[in-house]
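Visitor: for reference, the sequence and a predicted model appear below.
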Amino acid sequence: QQQVKQSPQSLIVQKGGISIINCAYENTAFDYFPWYQQFPGKGPALLIAIRPDVSEKKEGRFTISFNKSAKQFSLHIMDSQPGDSATYFCAASPILTGGGNKLTFGTGTQLKVEL
Amino acid sequence: DVKVTQSSRYLVKRTGEKVFLECVQDMDHENMFWYRQDPGLGLRLIYFSYDVKMKEKGDIPEGYSVSREKKERFSLILESASTNQTSMYLCASSNSEGYGNEQYFGPGTRLTVT
């Protein structure tokens, strides 16, 4: 049972363009939504995260937009660069109950930024 | 600099072998996780541990077991490896203080079972 649905599976964007990756979740107990970035040969690393008390969070060229009523959130990469080429995973976690911040990941989006 | 290390980057084993994947973190984190990563399926949680000697099943625990005898070390065990366990295995750790804690990942072990 996939609780976090991510799209698209792959994405090609021209340098300087905007990359948009979307995720939707089902579990209303989720209240922490991180995005992880993974380069080839490396483990994923936290890129940016949001909590549902805000609708948007921006860090540099990366922005998360969050729509609680629609149970959707998305990652926008402005002015996309070839160095952004990587696999991106959205994730979600329920309210911490002492069980260790268990994350449910989306299926990943392979982004390629072309010159 | 935080670090999660995994014992092997590449591993080739035969069907039926017992396989040990080791993970060590140097951040004094309470929580440790094992995931497998497959194309089109993302990261799926196999097992996690929130304290020494404590473990909980994740989404796909069948065919796997784990051991956590020390806080810094979390081992994944394939009791009898099968070809459908060929995958990338990722270990991660996080602390338990606060809310929404970052998981730090190791570089992964690519396991091939022939």
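Guide: Noted; the coordinates are in hand. Residues are numbered from 1 along each chain as shown, chains lettered A, B, ... in the order given.
Visitor: which parts of the chain are strands?
Guide: The chain I'm using is chain A. A:4-7, A:10-14, A:19-25, A:30-38, A:45-50, A:56-59, A:62-67, A:72-77, A:86-94, A:104-105, A:109-114 (DSSP state E).
Visitor: that's the wrong chain, I wanted chain B
Guide: Counting by DSSP E, the strands of chain B are B:4-6, B:10-13, B:19-25, B:31-38, B:42-49, B:56-57, B:64-70, B:73-78, B:87-94, B:104-105, B:109-113.
Visitor: so which of those gets nearest chain A?
Guide: Among the strands of chain B, the nearest to chain A by C-beta to the nearest C-beta is strand B:104-105 (3.0 Å). No exception for glycine: its C-beta is placed from N, CA and C like everyone else's.
Visitor: contacts for the closest one next, please.
Guide: Strand B:104-105 is contacted from outside by A:43-45, B:2-4, B:25, B:27, B:29, B:90-94, using C-beta atoms under 8 Å, 6 or more residues apart in numbering or on different chains.
Visitor: for chain B, which residues are neighbours of chain A?
Guide: B:4, B:30-31, B:33, B:35, B:40-45, B:48-50, B:56, B:58, B:90, B:92, B:94, B:96, B:99-108 (C-beta under 8 Å from any C-beta of the partner chain).
Visitor: can you list the residues of chain A near chain B?
Guide: A:6, A:9, A:32, A:34, A:41-46, A:49, A:51, A:89, A:93, A:96, A:98-108.
Visitor: of those residues, buried ones?
Guide: A:6, A:32, A:34, A:43-44, A:46, A:49, A:89, A:93, A:96, A:100-108 (16 or more other C-beta atoms under 10 Å in any protein chain shown).
Visitor: what are the bridge partners for residue B:11, then?
Guide: residue B:111 (DSSP bridges).
Visitor: quick one: contacts for it?
Guide: Residue B:11 touches B:19, B:21, B:109-112, counting by C-beta under 8 Å, 6+ apart.
Visitor: same check on residue B:58?
Guide: Contact analysis of residue B:58 by C-beta under 8 Å, 6+ apart lists A:102, B:33-35, B:44-48.
Visitor: at 7 Å what do you get?
Guide: B:45-48 (C-beta atoms under 7 Å, 6 or more residues apart in numbering or on different chains).
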